[in-house]
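K.L.:
The following block contains a protein sequence and its predicted model.
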Amino acid sequence: GESVGLHLPTLSVQEGDNSIINCAYSNSASDYFIWYKQESGKGPQFIIDIRSNMDKRQGQRVTVLLNKTVKHLSLQIAATQPGDSAVYFCAERENFGNEKLTFGTGTRLTIIP
Amino acid sequence: ETGVTQTPRHLVMGMTNKKSLKCEQHLGHNAMYWYKQSAKKPLELMFVYSLEERVENNSVPSRFSPECPNSSHLFLHLHTLQPEDSALYLCASSQEQAYYEQYFGPGTRLTVT
């Protein structure tokens, strides 16, 4: 079946550096993608989304890049802060008719002070 | 906080016990969801309620029984669970079954002994 996965389960970054978290998806019919952040003891929190007709979207300190050719999604966090330490995972939505999301397993990002 | 609360936050139960998880949303949403989050596995959608009617049951064993008495409250009744049911159970809500605009609660960490 189709799956969403992440290249690395853990990532450690020095505070102030930039971080990149990757996600591979296999469903070419997916038209919408979301990045979530899950801090310890909390539920997932929406960070940023991107539609399949875009290849880049920027938020506050975060940028999502979408490469449909290789079915790859990445989340870039600029100038990382201790509060960025969390598990990040992506989710994809199949094209219209199936609104459900398929989630990835997550990458744990640790910011080193 | 997200406007979605869950109680209890932690629960330890034996395999013969009966317990219930509670979720309450204060966002005026009309759709509510139960997810299971196991270690190193993606989020798994269990149940979906829209306008207090169950619209999705993702092949969940009958030892999990959901209840949605009104659009603000969602319960998950548990009985005769197995150790592999130990996980974080997340509740979410959205408007109009918009999966991509779900707000998650903090979850109930369940341990079955």
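P.N.:
Yep, it's here. Numbers count the residues shown, from 1 in each chain, chains lettered A, B, ... in the order given.
K.L.:
how about low-confidence regions in chain B?
P.N.:
Within chain B, no range satisfies pLDDT under 70.
K.L.:
So for it, which residue is the most central one in space?
P.N.:
residue B:34 (3.1 Å; C-alpha atoms, centre = their mean).
K.L.:
how close does that one get to residue A:67?
P.N.:
33 Å (C-beta to C-beta, to the nearest Å). Backbone N, C-alpha and C define where each C-beta goes, glycine included.
K.L.:
what does residue B:48 give?
P.N.:
In terms of C-beta to C-beta, residue B:48 sits 31 Å off from residue A:67.
K.L.:
before we move on, back to that, element containing the residue nearest to the centre of chain B?
P.N.:
Per DSSP states H and E: residue B:34 is located in strand B:31-37.
K.L.:
cool, and residue B:76?
P.N.:
Here residue B:76 sits within strand B:73-79, counting by DSSP H and E.
K.L.:
could you check the angle strand B:31-37 makes with that strand?
P.N.:
40 degrees (axes from the mean of the first three to the mean of the last three C-alpha atoms, to 10 degrees).
K.L.:
Show me what from chain A comes close to chain B.
P.N.:
When proximity is defined by C-beta under 8 Å from any C-beta of the partner chain, chain A lies next to chain B at A:4, A:9, A:32, A:34, A:41-46, A:49, A:89, A:91, A:93, A:99-106.
K.L.:
again, only using 6 Å
P.N.:
A:42, A:43, A:44, A:99, A:100, A:101, A:103, A:104, A:105 (C-beta under 6 Å from any C-beta of the partner chain).
K.L.:
Now pLDDT, secondary structure and neighbour count too, for these, in CSV please.
P.N.:
Output for the residues of chain A next to chain B, formatted as CSV (pLDDT from 0 to 100; DSSP: H, G, I helix; E, B strand; the rest coil; neighbours: other C-beta atoms under 10 Å in any protein chain shown):
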residue, pLDDT, secondary structure, neighbour count
A:42, 94, coil, 16
A:43, 95, coil, 24
A:44, 96, coil, 29
A:99, 74, coil, 13
A:100, 82, coil, 15
A:101, 89, strand, 22
A:103, 92, strand, 20
A:104, 90, coil, 24
A:105, 87, coil, 19
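K.L.:
ok, and the closest non-adjacent residue to the residue of chain A found nearest chain B?
P.N.:
Going by C-beta to the nearest C-beta, chain B is nearest to residue A:43 of chain A, at 3.1 Å. Leaving out its chain neighbours, the residue that sits closest to residue A:43 by C-beta to C-beta, 6 or more residues apart in numbering or on different chains is residue B:104, at 3.1 Å.
K.L.:
again, but for residue B:11
P.N.:
Closest to residue B:11 by C-beta to C-beta, 6+ apart is residue B:110, at 5.1 Å.
K.L.:
where's the one you found relative to residue B:37, distance?
P.N.:
Taken as C-beta to C-beta, the span from residue B:110 to residue B:37 is 10 Å.
K.L.:
buried set for stretch A:78-93?
P.N.:
Along stretch A:78-93, these residues count as buried under the neighbour rule (16 or more other C-beta atoms under 10 Å in any protein chain shown): A:80, A:84, A:85, A:86, A:87, A:88, A:89, A:90, A:91, A:92, A:93.
K.L.:
now stretch B:59-67
P.N.:
For stretch B:59-67, a neighbour-count test (16+ other C-beta under 10 Å) marks B:60, B:64, B:66 as buried.
K.L.:
Those in strands, which ones?
P.N.:
When DSSP state E defines the strands, the subset of the buried residues of stretch B:59-67 inside them is B:64, B:66.
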